[in-house]
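J.: Got a predicted model here, sequence first, then my questions.
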Amino acid sequence: MGLMSGGSSVDDGRMHGYGFTGQVSERRDPLRSAGVAVFVALLSIAAGAVFVAAGSPRSWFPSRWDARVAPIAAEVARLRGLDFVHPVPVRYLPPAEFEQLLGDDNNLTATERERVTRDEAVFRALGFIGGKVDLLRAYEIHESSGTLAYYDPDRQEIIVRGTALDVAHRVTVAHELTHVLQDQHFDLRALQKRAAASETGDASALKALVEGDAVRIQDDYLAQLSTAEQKEYHRENDAEGVRVGKETASVPDIVDLLSGAPYEFGPSTVRVLLSAGGNSAVDDALTGPTPSTGVFVEAGDITPPVAVEQPLLPADGVPAGPAESFGPFETFVTLAMRLDPGRALAAADVIAGGRAVTFRSRGAICYRVVVQPAFQHSRPFLLRAVQDWARARPSTAVDAVGDRVGFTTCDPGHGAPEPSSPRFHNAVALLSVRAGLTVAAAKGHVEGAIARCLARVFIETPGAQELVFAVGNGTPSSEQSARLRAVAAASGAACRADPDSGLP
């Protein structure tokens with residue numbers, strides 16, 4: 001596991017949400033993509049020119065679905081292309097009781113608390129949080145807010161907040177029923193254990209596939225509801241978003257990002273896979289080798305990362321935790337805290353694998369990272385980016401390890417400055433837009449690697465980022481449409497000639 005695991009433990013085999021819940025829960029505060037819907041037709045035109053099921057049902061499982069859930073289950077099975085092995089119980093709890101149950105499952109062990117303390121120091125060292133942040137408290141606030149229902153694979157049941165199934169609850173239940181299908185056919189706990197044990201892949205990448213699959217079924221379920229029901233859902237969802245936003249106002253941006261990323265960027269990867277090979281392609285991704293966090297950076301790319309040896313520690317370094325993966329997404333978020341987001345994203349694009357280890361040195365918590373560029377010619381670009389990120393940072397050193405790039409950074413303590421929130425949000429918006437462009441191209445029957453290339457080149461075209469954000473989710477003017485089409489056509493032509501276009 002890398003930074004994306006964010007302090008949650010998966011060693012007990014439970015399927016965790018971000019933080020410390022023991023469930024697969026549908027968050028109500030995912031990051032929102034911006035300015036992508038308008039490009040679906042544009043990119044399509046440019047690119048064109050250019051497991052084994054679970055065992056026998058246990059006797060204590062209900063013989064039929066809860067009457068209110070049965071029609072949702074039937075639709076989810078149809079959309080997902082899988083049949084339920086058996087129904088599972090659905091419990092409806094009053095909000096107070098639901099919150100209490102969720103809180104009980106969030107109780108931390110001493111080992112988990114120690115991990116959070118280490119994470120807090122590492123997050124300060126990387127510039128993710130300021131010195132006054134209580135990361136444990138931030139996790140607790142974030143995890144307790146915005147959950148309407150969850151599926152518990154240990155108990156094999158769905159627990160619903162409240163006793164009424166309004167449209168928002170029905171859509172959420174569709175999400176959780178997808179997890180039931182995943183569990184019954186692929187065994188979520190076994191998948192998570194395998195991902196946690198991987199020395200190359202990242203458990204959060206599996207989470208992105210699991211949640212991305214559930215979010216796309218949730219969205220497809222919503223799409224087949226009536227127009228009135230869809231309007232009601234958006235009204236309820238917006239109201240819930242306001243409530244959650246108030247409750248989590250003190251939560252650092254990095255916690256929101258790491259928690260929301262599987263729900264925001266996971267669906268992009270799943271949609272690209274779906275366009276290429278349907279539900280079977282998604283099944284293969286879930287059960288195949290654990291990918292890297294590149295699934296958050298390059299939508300649909302589930303290529304297993306290369307193996308990178310654990311970084312060597314200084315003579316006085318004492319390990320403070322197990323080695324973990326450090327992939328493209330971690331690289332992007334780290335560099336984007338100080339560099340231009342486009343440059344940080346270009347650096348992330350060439351990460352083929354990486355490892356990191358937390359250690360103690362001279363009374364401080366430090367973090368040592370080594371990453372492997374995918375191409376030898378990309379190494380100078382990556383090295384300069386890391387050097388520029390590290391420049392003027394306290395207790396930070398960069399080095400070259402053979403054909404790899406490494407850095408070590410130590411906790412600056414409680415005097416660490418707060419990161420720039422506008423810079424952070426600009427970086428996330430850029431990543432969201434590029435993911436949306438990739439999905440749009442893939443839906444236009446463009447092969448995954450070309451779709452990723454097209455989005456990459458589009459975003460790197462001078463003036464394209466500004467144009468995208470200027471249009472937002474609105475309707476582009478005739479002049480903007482002409483410019484968008486021109487950039488899309490040029491991007492498509494470049495990528496047809498060379499799928500690696502845009503890579504440094």
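T.: Yep, it's here. Numbers count the residues shown, from 1 in each chain.

J.: Which secondary structure element of this structure has the lowest mean pLDDT?
T.: When the helices and strands of the chain are scored by mean pLDDT, DSSP states H and E, helix 40-49 comes last with a mean of 37.

J.: Now do the buried residues in the helix or strand following that helix.
T.: For helix 40-49, the following helix or strand on the C-terminal side (DSSP states H and E) is helix 70-80. Across helix 70-80, burial judged by 16 or more other Cβ atoms under 10 Å covers 72-73, 75-77, 79-80. For glycine as for every other residue, the C-beta is placed from the backbone atoms N, C-alpha and C.

J.: gap between the helix or strand following helix 70-80 and the chain center?
T.: Moving toward the C-terminus from helix 70-80, the next helix or strand (DSSP H and E) is strand 90-93. Put simply, strand 90-93 sits 28 Å off its chain's centre (Cα atoms, centre = their mean, to the nearest Å).

J.: Need the contact partners of strand 90-93.
T.: Under the contact criterion Cβ atoms under 8 Å, 6 or more residues apart in numbering, strand 90-93 has outside partners 65-66, 69, 101, 157-163, 173.

J.: partner strands of it, parallel or antiparallel?
T.: Neighbouring strands of strand 90-93 in its sheet, by DSSP bridges, are strand 157-161 (parallel).

J.: re earlier: now, which of the buried residues of helix 70-80 sits nearest T409?
T.: Set against T409, the nearest of the buried residues of helix 70-80 by Cβ to Cβ is R80 (43.1 Å).

J.: Do I have it right that that closest one meets L181?
T.: Yes: using Cβ atoms under 8 Å, R80 is in contact with L181, at 5.4 Å.

J.: Quick check: the nearest residue to S501 once chain neighbours are set aside vs R161, distance?
T.: Among residues not flanking S501 along the chain, A494 sits closest, at 4.3 Å (Cβ to Cβ, 6 or more residues apart in numbering). According to Cβ to Cβ, to the nearest Å, A494 stands 49 Å off from R161.

J.: Kindly report the same for E140.
T.: According to Cβ to Cβ, E140 and R161 sit 18 Å apart.

J.: go on, S361?
T.: Distance from S361 to R161, counting by Cβ to Cβ: 45 Å.

J.: now swap in I450 and tell me
T.: Remark: distance between I450 and R161 (Cβ to Cβ) = 43 Å.

J.: R124 now?
T.: R124 is 34 Å from R161, by Cβ to Cβ.

J.: neighbour count winner among the two?
T.: R124 (24 against 20; other Cβ atoms under 10 Å).

J.: does that one really touch G413, like I thought?
T.: Yes: counting by Cβ under 8 Å, R124 touches G413, with 7.3 Å between them.

J.: where do the contact lists of those two overlap?
T.: Taking Cβ under 8 Å, 6+ apart as the contact rule, R124 and G413 both touch G131.

J.: ranges for the helices of the stretch 401-504 of the chain?
T.: Remark: helices assigned in the stretch 401-504 of the chain by DSSP state H, counting those that start in this stretch are 421-443, 448-460, 464-471, 478-497.

J.: ok, of those, where does mean pLDDT dip lowest?
T.: With a mean of 82, helix 464-471 has the lowest mean pLDDT of the helices of the stretch 401-504 of the chain.

J.: Show me what that helix is packed up against.
T.: helix 421-443, helix 448-460, helix 478-497 (3 or more Cβ pairs under 8 Å, 6 or more residues apart in numbering; DSSP states H and E).

J.: With only the CA atoms kept, save that helix in CSV.
T.: This file holds the C-alpha atoms of helix 464-471, laid out as CSV (Å, rounded to 0.1, in the frame of the first residue of the first chain):
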residue,chain,number,x,y,z
ALA,A,464,-6.1,24.4,-24.1
GLN,A,465,-6.2,24.3,-20.3
GLU,A,466,-7.4,27.9,-20.1
LEU,A,467,-10.0,27.2,-22.8
VAL,A,468,-11.3,24.1,-21.0
PHE,A,469,-11.7,25.9,-17.8
ALA,A,470,-13.3,28.9,-19.5
VAL,A,471,-16.0,26.8,-21.0
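
J.: Brilliant, that's me finished.
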